[in-house]
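Visitor: Need a 3D model of the following:
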Amino acid sequence: MANLSPFPPGHVIDDRYVITQVLGQGGFGRTYQAQDRKRFGEPCVLKEFVPKASIQQDPTTFAKAQELFNREAQVLYGLNHPQIPRFRELSVPSVQGQGRLLLVQDWIQGETYGQLLQGQGQGLGEKVVIQWLKDLLPVLDYLHSQKPPLIHRDISPDNVMLCRHTSKPILIDFGAVKQWVSGSVQSPGTVIGKTGFAPPEQQQGHPCPASDLYALGITAVVLLTGQQPKSVPWQPGQWQGLSPTGVSPGLGAVIDGLIQPRPSDRYATVAAVQADLQPLLAASTALENPAPQPPSPPQTVVAFPKPPAARVTEPSPPPRPPQPPTASQDGDDSFMADLNNHRYQGDWVYGLWQLLKNSGLQRFARGIGLSVLGLTVVLASGSYGWQLMRQGRSTTPTTPADPGDSVCDTAAIWDRYDALDAVQTLPDLAPAIDDLFYAEVPKKVVKGERQPILADETNHQRHWCELADQWLSDRGG
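Guide: Model prediction:
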């Protein structure tokens, strides 16, 4: 087995899987990206069992490595969760007289959080980490609720991926998963887990569900600070000075509760963590979307007969209707304007437009109906209606800052969206792609505020449009 060479690109396995590229090599195996001929060329991942030479030379270690590889296939086969890669099959093709053990599973388009940290060069920020905890905790709850519970035992930034299409964390690498039976007497098992991420009881061969919560907390610290744990484990409260932007007391208390060295002092269940995290989520949402303040009621002062010079305060004028966003308000006069000018939100026109969409009259509304609505707005609301009527989508492509750059045509993106939205109900395009873009480019989020894509940021413009292109293609557009 030591002489097994990687499958080259283009190699076909079992007349089904066409190797696209080698993704990496670990201590237990090699990973490939491939295309599945029996699923119309759909991408998938092949994990081949090829332990390194030092493992092969030790029969005991080799047997344990093979056990873990087969266990990963068995565990994945029994799981069904949208944030866990789906198992497809365990294949043992014969290549030149040698059996090659392969685990086939779904391909996740995205990056690991370890890769995101390398690209960022610093922590990801408190708001991102709070959302990350909120999104990943249900996955651990699903694993720990199995009968018997499943313990991942290897949670770290390299084993959690950010899915490009859903913007959700995906838990990967289930080779270290261990079943745990509460109350049973167990002999010490094989110690698995990265240095600094495994709690003391796991290092002693006695993992429990709370061991995953410890690793979750350490991973959250790494995402906040951008620093990897050392051989000496972080103690509660000692890690907060590593954050360049500081940490709020609420999040600090949650993470401290996760990384307590003794399991009895640590959060015991996912539900307990979620209960303490909920106020932080509510506060984060409130800061991002403050509640609108009602207009002040008119103030009237009654004029008494004495003194004659008493003054009557006039009622406050009624609040003006909200003005539609303009390019200057967005801080840019090209790319973001092209994106925002397509939306008719914040008034009764938008509500009626959605009603027409849901009634199957969308094609009519886009033609004659939209013109009639526009005229109605002009007659009903004067200059404000005329301003709304004029803010149609720009059909002029964004001009690249450099003639050598190829920046996409936002009008073409909208045309594809309109054509697809005519036959199926889709969410608003710009907010959907914004969520994907700012999740992948966190440096464009400053103090919780998303910064607009400027006219000279052609790389960001191109990336936004690539995400839109993939989003539309995935929906058949």
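Visitor: Can you list the low-confidence ranges for the stretch 351-477 of the chain?
Guide: 351-406, 422-423, 447-448 (pLDDT under 70).
Visitor: nope, the chain is what I was after
Guide: Checking the chain against pLDDT under 70 turns up 1-3, 27, 176-193, 231-232, 284-334, 337-406, 422-423, 447-448.
Visitor: Which residue ranges make up each domain of it?
Guide: 12-106, 110-180+192-287, 327-474 (automatic domain parsing).
Visitor: Need the contact partners of stretch 462-475.
Guide: With CB atoms under 8 Å, 6 or more residues apart in numbering as the test, stretch 462-475 has contacts from 164-165, 335, 405-408, 410, 413, 416-417, 420, 424, 426, 429, 432-433, 436-437, 440-441, 453. C-beta coordinates here come from the backbone N, C-alpha and C atoms, glycine included.
Visitor: The same query, at a cut-off of 7 Å, please.
Guide: 165, 407-408, 413, 416-417, 420, 426, 429, 432-433, 436-437, 453 (CB atoms under 7 Å, 6 or more residues apart in numbering).
Visitor: Surely D135 is in contact with P169?
Guide: Yes. Using CB atoms under 7 Å, D135 is in contact with P169, at 5.3 Å.
Visitor: Out of the contacts of stretch 462-475, give me the one that has the most neighbours.
Guide: Highest neighbour count within the contacts of stretch 462-475: I453, with 25 neighbours (other CB atoms under 10 Å).
Visitor: how near is that one to Q470?
Guide: Look at I453 and Q470: by CB to CB, to the nearest Å, they are 17 Å apart.
Visitor: sorry, back to before: for the domains of the chain, which one ends up most surrounded?
Guide: Among these, domain 110-180+192-287 has the highest mean neighbour count (mean count of other CB atoms under 10 Å), at a mean of 19.
Visitor: Can you show me the strands along the stretch 101-250 of the chain?
Guide: For the stretch 101-250 of the chain, applying DSSP state E, counting those that start in this stretch gives strands covering 102-106, 110-112, 150-151, 160-163, 169-171, 178-179.
Visitor: partner strands of the third one, parallel or antiparallel?
Guide: Just to be clear, that refers to strand 150-151. Next to strand 150-151 in the sheet, as set by DSSP bridges, lie strand 178-179 (antiparallel).
Visitor: Could you pull up the residues touching Y417?
Guide: 429, 472, 477.
Visitor: Just the CA trace of the strand or helix carrying the second one, in PDB.
Guide: Following DSSP states H and E, the helix or strand that holds L472 is helix 458-474. Listed in PDB are the C-alpha atoms of helix 458-474, where the atom choice follows Å, rounded to 0.1, in the frame of the first residue of the first chain:
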ATOM      1  CA  THR A 458     -13.500  45.700  -9.600                       C
ATOM      2  CA  ASN A 459     -12.400  42.500  -7.800                       C
ATOM      3  CA  HIS A 460     -15.300  42.800  -5.400                       C
ATOM      4  CA  GLN A 461     -17.700  43.700  -8.200                       C
ATOM      5  CA  ARG A 462     -16.500  40.600 -10.200                       C
ATOM      6  CA  HIS A 463     -16.800  38.400  -7.100                       C
ATOM      7  CA  TRP A 464     -20.400  39.600  -6.400                       C
ATOM      8  CA  CYS A 465     -21.400  38.900  -9.900                       C
ATOM      9  CA  GLU A 466     -19.800  35.400  -9.900                       C
ATOM     10  CA  LEU A 467     -21.800  34.600  -6.800                       C
ATOM     11  CA  ALA A 468     -25.000  35.900  -8.500                       C
ATOM     12  CA  ASP A 469     -24.200  33.900 -11.600                       C
ATOM     13  CA  GLN A 470     -23.700  30.700  -9.500                       C
ATOM     14  CA  TRP A 471     -26.900  31.500  -7.500                       C
ATOM     15  CA  LEU A 472     -28.900  31.900 -10.700                       C
ATOM     16  CA  SER A 473     -27.400  28.800 -12.300                       C
ATOM     17  CA  ASP A 474     -28.200  26.700  -9.300                       C
END
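Visitor: So K47, which state does it fall into?
Guide: strand (DSSP: H, G, I helix; E, B strand; the rest coil).
Visitor: and it, what are its bridge partners?
Guide: With DSSP bridges as the rule, K47 is bridged to T31, L103.
Visitor: My guess is it contacts G29. True?
Guide: Yes. The pair K47 / G29 is scored as a contact, 5.4 Å apart, by CB under 7 Å.
Visitor: List the contacts of T31.
Guide: The contact partners of T31, by CB under 7 Å, 6+ apart, come to 23-24, 45, 47.
Visitor: Take those residues and write them to TSV, including distance to R39.
Guide: Formatted as TSV, those follow (distance: CB to CB, whole Å):
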residue	distance to R39
L23	19
G24	23
V45	13
K47	18
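Visitor: quick one: which of the residues you listed is nearest T225?
Guide: For these, the residue nearest T225 by CB to CB is G24; the value is 25.5 Å.
Visitor: distance of the closest residue to that closest one other than its chain neighbours from R16?
Guide: Closest residue to G24 apart from its sequence neighbours, by CB to CB, 6 or more residues apart in numbering: T31 at 5.1 Å. The spacing between T31 and R16, counted by CB to CB, is 18 Å.
Visitor: One more: Q274?
Guide: 42 Å.
Visitor: do the same with T60
Guide: Where R16 is concerned, T60 sits at a distance of 35 Å (CB to CB).
Visitor: Quick check: neighbours shared by K47 and G29?
Guide: Joint contacts of K47 and G29 (CB under 7 Å, 6+ apart) do not exist.
Visitor: For the closest residue to P229 other than its chain neighbours, list the residues it contacts.
Guide: Computed as CB to CB, 6+ apart, the closest residue to P229 that is not its neighbour in sequence is G196, at 2.8 Å. Taking CB under 7 Å, 6+ apart, we find G196 in contact with 218, 228-231, 233.
Visitor: Save the residues you listed as CSV, and put in distance to E67 too.
Guide: Listed next are the contacts of G196 as CSV, based on distance: CB to CB, whole Å:
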residue, distance to E67
I218, 26
Q228, 29
P229, 28
K230, 31
S231, 28
P233, 28
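Visitor: what's the most distant pair in those?
Guide: Farthest pair in these, by CB to CB: I218 and S231, 13.0 Å.
Visitor: now the strands: where do they sit in the stretch 351-477 of the chain?
Guide: Going by DSSP E, counting those that start in this stretch, the stretch 351-477 of the chain shows strands at 445-446, 449-450.
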